[in-house]
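A.B. asks: below is the structure, and that's it, no one-letter string:
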C-alpha cells in the first residue's frame, strides 16, 4: 500500500477531497518525522509508538571489498506496534492463511 492508496481510502471514508486528504496525511507524516528527529516520542494509543534508538559505534565490513569501515554512533527511527495492533494483525493473517490452506 502506498501513500496514494492511503489518501484514496481516507478520502472515500471521510468525504474530503483527495487534495485535502493528502495535505492532512502529509502533515501527520511531517509531524511524526519532526518529533522523532528532535528526540521526542510519539504514542498513538491503540496503534503504537514512534521513537528513536541509538546505535553504538562499530566496525562494519564493505561486502564488496571486505574492507573494514568505521561506523559512528547514529540514531534510527523505530516503531513499536501496540498490543491491539499486533493482535489484530495476528488474527487477520491466521484467518487468511487458514482459508488459503484449505
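C.D. replies: Arrived safely, thanks for sending. The structure displayed is predicted, hence computed values, not measured ones.

A.B. asks: the residue positioned nearest the centre of the chain bridge partners, please.
C.D. replies: Nearest to the geometric centre of the chain sits residue 79, at 5.7 Å (CA atoms, centre = their mean). Taking DSSP bridges as the rule, residue 79 bridges to residue 50.

A.B. asks: any idea how far residue 4 is from it?
C.D. replies: The spacing between residue 79 and residue 4, counted by CB to CB, to the nearest Å, is 21 Å. Where C-beta positions appear, they are placed from N, C-alpha and C, glycine not excepted.

A.B. asks: quick check: the residue nearest to the centre of the chain touching residue 47?
C.D. replies: No - contact criterion CB atoms under 8 Å: residue 79 and residue 47 do not qualify, at 9.4 Å.

A.B. asks: list residues touching both of the two?
C.D. replies: With contacts defined as CB atoms under 8 Å, 6 or more residues apart in numbering, no residue is shared by residue 79 and residue 47.

A.B. asks: next one: the helix-or-strand element of the chain with minimal mean pLDDT to chain centre, how far?
C.D. replies: Using mean pLDDT, DSSP states H and E, helix 83-101 stands out as the lowest-scoring helix or strand of the chain, at a mean of 84. The chain centre lies 19 Å from the centre of helix 83-101; the measure is CA atoms, centre = their mean, to the nearest Å.

A.B. asks: just the helices in this structure please.
C.D. replies: In the chain, the helices defined using DSSP state H lie at 3-14, 18-37, 83-101.

A.B. asks: would you turn the ones you listed into TSV with distance to residue 73 and mean neighbour count?
C.D. replies: Converted to TSV, these look like this (distance: least, CB to CB, whole Å; neighbours: other CB atoms under 10 Å):
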stretch	distance to residue 73	mean neighbour count
helix 3-14	31	13
helix 18-37	16	13
helix 83-101	30	10
